[in-house]
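> model this:
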Amino acid sequence: MDALMRPRSVALVGASEKPESLGHSMVRMVRAGGYDGTVYAINPRYKEIDGIPCYAALSDLPEPVEHVVLGVGNERLEAALDAAIAHGAKAATIFASCAQPHDGGALKARLTAKLREAGMALCGGNCMGFYNNQIGLRIAGYPALQDMKPGPIGWLAQSGSVFGALAHNDPRLKFGFAISSGAEMVTTAADYLSWMVEQEGIRVVGMFLESVRDPAGFTRALERAAEKNVAVVILKVGRTAASAQMALSHTGAIAGSDAAHQALFRRYGVIQVDDLDEMAATLLLFQQPRKPAAGGLVAIHDSGGERELAVDIAERLGVAYPPLAQHTRERIAQYIDPELVPMNPLDAWGSAHAFETVFAESFTALIEDPNAALGVMFCDIRDNYFVSAGYAEAALAAFRRTDKPVALATNYAMVRHDGLAQRLTAEGVPVIDGTSEALKAVRHFLRFRDRRPLAKPARPADLPQGAGAPWKTRLASGKPLSEDQALALMASYGIPTPARLAVASTEELQQAAAVLRFPVALKTAVPGIHHKSDVGGVRLGIADPETLRAAYDDMAQRLGPQALVAEMAPAGTELALGAMIDPQWGPTVMVAAGGVLIELLADRAVALAPLDADEARELIQSLQIRKLLAGYRGRPAADIDSLVEAIVRLGWLAADLADVLSEIDVNPVIVGPQGACAVDALVVPAGTKTGA
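Numbering: from 1, shown residues only. Have a look, this model is predicted:
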């Protein structure tokens with residue numbers, strides 16, 4: 001990786017004097033940042049290009065180089081790579097697509113095999129190169145910003161356009177490294193991340209991911225980032241897929257292809273963003289060196305209306321404004337106009353008299369409050385306007401008087417403030433554009449502060465290592481479990497289930513009625529019916545044997561004689577638990593709003609399995625339905641501890657049986673004051689096809 005990203009010598013194959021060509025851009029870019037390593041150009045037409053000595057071939061060089069940049073077309077690429085391998089280069093960059101018409105990927109496969117056999121690292125193919133601003137090296141075929149000052153951000157994008165969107169357009173963002181990884185034929189996002197988190201001065205890594213080609217390596221890299229307290233911010237695309245439509249369970253249908261990535265990110269404290277604006281805003285806040293203190297956001301505004309706008313957005317995003325201490329309110333009251341209220345967030349604009357002092361002193365008081373983690377000034381600064389200049393000086397004055405993070409946010413993202421924004425950001429006060437983006441960045445900043453430390457989940461003491469062995473043999477046959485068997489599997493892992501009996505005739509129904517306590521539920525158990533309520537295969541709250549017999553006769557006539565009779569669980573809130581085995585990330589566990597609401601609300605949270613009680617509790621707290629569990633409008637509060645225990649045990653079940661499972665759907669799980677009870681379950685063995 002050092003030969004790829006931090007080489008001591010570089011050769012540019014395909015270098016050219018032709019203006020506005022890839023070959024000439026390579027030459028211009030390689031030294032534009034002040035790189036002082038050895039650089040050679042390779043082209044038989046020239047002796048020198050822009051002061052760089054040029055040779056006819058790599059074999060003519062006076063010394064071996066570490067990194068060879070192959071700036072040639074696909075038709076010349078294989079010969080050029082062969083020459084680089086023969087030369088003894090340790091790394092290469094390929095800009096070309098590595099594809100030829102009608103070759104079915106043969107060229108790419110041959111190049112990949114040769115690179116792997118030679119043990120070479122590769123940026124590309126089909127990439128835009130990379131910048132190592134720490135040493136001033138730019139391996140690129142396209143011109144970019146000339147003034148690229150190094151900073152604490154690592155940036156990787158699997159899309160060349162996205163790479164350039166951030167790396168080429170906003171000088172506020174200070175990249176130590178910016179990488180366009182392209183097709184990742186050899187060196188993958190996992191390798192780049194692993195390398196970047198070890199580099200001195202890198203505090204945050206942003207990534208635009210379409211796919212992860214090395215799941216195990218990527219997981220190790222995330223773990224290392226967490227250990228080193230390097231924030232990882234990921235924009236993952238391709239988050240919806242047809243695979244969700246193919247799932248046999250509700251779990252699969254609402255989880256989708258993105259669920260496992262969310263679980264992975266949750267486990268390792270990854271910050272997930274939804275678009276490039278949110279990515280840039282988050283990187284800007286993490287770029288500044290100060291860590292948030294305890295507490296929450298304090299903010300100062302120059303507009304009452306825009307303050308209300310920010311408060312509305314903050315509530316929707318879950319960003320809280322802590323109350324101010326009495327001494328802070330008294331301190332602020334000395335500076336603001338009498339009709340204004342000293343509070344958080346603060347509207348400090350009254351008269352224009354001494355406004356810079358008013359904002360500087362009030363903002364400083366806010367930030368120095370014991371409940372303040374960081375301070376943000378919200379105002380629409382613009383260049384060449386004395387009021388904006390005053391706000392900027394006020395923000396810097398507060399910044400210099402505290403050791404807490406300070407930022408300035410505009411309420412409108414299109415204000416023209418290049419000069420002020422660059423100056424403030426360079427001095428340690430990042431300027432973030434847009435109310436929503438700023439508040440999202442603050443949310444990420446504080447959640448990263450509060451993230452759970454990495455810990456290996458402990459197996460429940462009463463759950464033996466071999467608990468899943470009998471079920472593994474049963475599931476390996478590929479035959480789906482009946483509901484009764486699925487509930488028995490849950491019970492074998494300590495997840496509470498109701499008393500029940502399977503029946504297939506009126507005689508067996510009478511025996512069940514004599515044993516079980518009413519009220520009971522009657523559910524069809526005919527094989528192949530996965531969603532029973534959709535076909536009228538569920539009757540709840542049956543109060544007596546006569547009603548049970550009538551319900552069974554109707555169901556048997558319509559659907560078939562196999563049925564399950566189960567005691568009704570105590571009243572409570574319906575949730576759903578589920579598990580899926582992801583081909584990349586392994587077993588995951590889901591908790592969601594249950595019953596018929598599972599697909600309607602899609603209120604769900606997912607974690608890697610196994611998981612501990614703290615992570616299970618976090619899943620529950622992230623749901624909107626948690627309000628019902630806490631007791632809503634006089635309803636008794638649910639036993640959350642029992643739900644946590646059920647989630648943990650389901651996680652161990654999924655981990656133990658991962659190689660023979662596809663999906664598990666436990667819906668509903670009824671959670672009330674008496675505890676949690678799984679009343680229905682669907683278990684799909686590995687390899688089961690849609691429609692089975």
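
> can I see the domain layout of the chain?
2-237, 289-449, 499-568, 573-685 (automatic domain parsing).

> As JSON lines, those with distance to Pro460 and mean neighbour count would be great.
Heads up, the C-betas are built off the backbone N, CA and C, glycines and all. Shown next, in JSON lines, are the domains of the chain (distance: least, CB to CB, whole Å; neighbours: other CB atoms under 10 Å):
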{"stretch": "domain 2-237", "distance to Pro460": "24", "mean neighbour count": "19"}
{"stretch": "domain 289-449", "distance to Pro460": "29", "mean neighbour count": "19"}
{"stretch": "domain 499-568", "distance to Pro460": "23", "mean neighbour count": "17"}
{"stretch": "domain 573-685", "distance to Pro460": "6", "mean neighbour count": "21"}
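
> longest single helix anywhere in this structure?
Counting residues, the longest helix in the chain under DSSP state H turns out to be helix 640-656.

> Next SSE downstream of that helix?
The helix or strand immediately downstream of helix 640-656 is strand 661-672, counting by DSSP states H and E.

> Can you list phi and psi of Leu463 for me?
Main-chain dihedrals, Leu463, degrees, to the nearest 10: phi -110, psi 100.

> Quick check: it touching Leu650?
No. At 11.4 Å, Leu463 does not count as touching Leu650 under the criterion of CB atoms under 8 Å.

> and for those two, which residues touch both?
Shared contacts of Leu463 and Leu650 (CB atoms under 8 Å, 6 or more residues apart in numbering): Tyr493.

> next one: the longest helix of the chain to chain centre, how far?
23 Å (CA atoms, centre = their mean, to the nearest Å).

> what's that helix packed up against?
helix 483-492, strand 573-582, strand 586-593, helix 613-621, strand 661-672, strand 675-678 (3 or more CB pairs under 8 Å, 6 or more residues apart in numbering; DSSP states H and E).

> what lines up beside the shortest one in the sheet?
Based on DSSP bridges, the strands next to strand 675-678 in the sheet, each with its direction, are strand 661-672 (antiparallel).

> again with the third one
With DSSP bridges as the test, strand 586-593 is paired with strand 573-582 (antiparallel), strand 604-608 (antiparallel).

> Between helix 640-656 and that strand, find me the angle.
Interaxial angle, strand 586-593 versus helix 640-656 (axes from the mean of the first three to the mean of the last three CA atoms, to 10 degrees): 150 degrees.

> Gly494: how many residues sit nearby?
17 (other CB atoms under 10 Å).

> Help me confirm that it comes into contact with Arg459.
No. Using CB under 8 Å as the test, Gly494 is too far from Arg459 to be in contact (11.3 Å).

> Show me where the stretch 201-350 of the chain dips below the pLDDT cut-off.
Along the stretch 201-350 of the chain, segments meeting pLDDT under 70 span 239-257.

> Do you have the strands of it handy? List them.
Using DSSP state E, counting those that start in this stretch, the strands of the stretch 201-350 of the chain run over residues 204-209, 231-236, 271-272, 296-301, 346-347.

> Where does pLDDT dip in the stretch 1-150 of the chain?
145.

> Do a quick rundown of the strands in it.
Using DSSP E, counting those that start in this stretch, the strands of the stretch 1-150 of the chain run over 9-13, 38-42, 48-49, 52-55, 67-70, 91-94, 121-124, 129-132, 137-139.

> would you list those in CSV and tack on distance to Ala407?
What follows is those, written out as CSV (distance: least, CB to CB, whole Å):
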stretch, distance to Ala407
strand 9-13, 38
strand 38-42, 40
strand 48-49, 44
strand 52-55, 42
strand 67-70, 38
strand 91-94, 36
strand 121-124, 33
strand 129-132, 25
strand 137-139, 29
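
> between these, which gets nearest to Gly350?
Counting by CB to CB, Gly350 lies closest to strand 129-132 out of these; the figure is 47.1 Å.

> Report how many residues lie close to Leu283.
Look at Leu283: counted by other CB under 10 Å, it has 31 neighbours.

> hang on, it packs against Gly151?
No. Leu283 is beyond contact range of Gly151, at 9.7 Å (criterion: CB under 8 Å).

> overlap in contacts of those two?
Overlap of the contact sets of Leu283 and Gly151 (by CB under 8 Å, 6+ apart) consists of Leu173.

> on that earlier part again, between the strands of the stretch 201-350 of the chain, which one is closest to Met568.
For Met568, the closest of the strands of the stretch 201-350 of the chain is strand 271-272, at 40.1 Å, according to CB to CB.

> what lines up beside the closest one in the sheet?
Strand 271-272 is paired, per DSSP bridges, with strand 231-236 (parallel).
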